[in-house]
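A.B. asks: what follows is a predicted structure for the sequence shown.
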Amino acid sequence: MTVPSVEDPPPGGADPAERDAAAAGSTASGDTADEGPASADAPAGEAAPGEAPEEAEAPDQDAADPEELFQQSEIAADYVEGLLDVLDMDGDIDELVSNGRPMVEVVGGDLQSLVGQRGATLEAIQELARLAVFRQTGYPSRLLLDVGGYRTTRRNELAAVARNAIERVKEHGQPVRLDPMSAFERKCVHDVINATEGVVSESEGEEPNRRIMVRPE
């Protein structure tokens with residue numbers, strides 16, 4: 001079986017290997033951004049080349065009409081529903097608009113396979129859902145997909161990582177380099193660093209090994 005086509009959202013039949021290849025290919029396309037791909041090296045609110053939108057806001061999207069944003073979440077929810085049907089998985093799907101961006105949340109029983117290792121599968125599905133929105137509206141979307149509350153849990157974990165890095169920088173006065181992260185993860189860390197005086201953060205390296213360096217201001 002395969003994921004629903006972004007050109008034809010209803011599910012179709014195929015070999016499981018095709019589904020895995022599709023997900024892998026989508027993941028390799030970059031941080032499917034919060035959450036299409038940006039740099040924390042750029043001033044706040046600006047996207048630097050090669051970085052994912054988790055790390056840079058898009059004012060034009062924030063200013064979009066709430067009804068248009070909700071329409072995007074509905075389109076994405078339809079796509080995700082088709083995917084769940086193909087995979088024979090159960091889940092409750094909610095469409096909403098939060099902080100000026102469309103969101104789809106999926107909750108249910110065993111949904112871990114939709115998240116994958118460190119959210120890799122979740123990011124791939126999010127990118128496919130964004131493509132489905134683009135196909136119908138003609139506009140790129142900053143859609144955020146969450147499954148089983150993964151992003152909330154991961155955001156809290158990363159906040160702790162950021163606070164630990166801040167303490168080390170302030171104690172020793174030396175830069176601290178964190179492990180490679182996805183664009184969503186980097187955005188979570190940058191948010192904590194940017195709200196703390198005396199330290200700054202910037203992204204360095206290339207995907208998939210792009211990471212954050214925290215240093216004294």
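C.D. replies: Good, I have the coordinates.
A.B. asks: in the strand or helix carrying V104, what counts as buried?
C.D. replies: Take DSSP states H and E as the rule and V104 turns out to sit in strand 101-107. Buried residues in strand 101-107, counting neighbours by 16 or more other Cβ atoms under 10 Å, are found at 101-106. Using the backbone N, CA and C atoms, a C-beta is placed for each residue, glycine as well.
A.B. asks: how about these in TSV, adding distance to L84?
C.D. replies: Written out in TSV, the entries for those read as follows (distance: Cβ to Cβ, whole Å):
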residue	distance to L84
R101	22
P102	19
M103	17
V104	12
E105	13
V106	8
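A.B. asks: where does the protein have low pLDDT?
C.D. replies: Low-confidence regions of the chain, defined by pLDDT under 70, span residues 1-63.
A.B. asks: residue contacts, the closest residue in space to G119 that isn't next to it in sequence?
C.D. replies: What sits nearest to G119 in space, not counting adjacent residues and going by Cβ to Cβ, 6 or more residues apart in numbering, is Y150, at 6.1 Å. Residues touching Y150, when contacts are defined by Cβ atoms under 8 Å, 6 or more residues apart in numbering, comprise 115, 119, 122.
A.B. asks: which of those residues has the largest number of neighbours?
C.D. replies: Ranked by neighbour count (other Cβ atoms under 10 Å), those have L122 at the top, with 26 neighbours.
A.B. asks: quick check: it vs V107, distance?
C.D. replies: As for L122, its distance to V107 is 13 Å (criterion: Cβ to Cβ, to the nearest Å).
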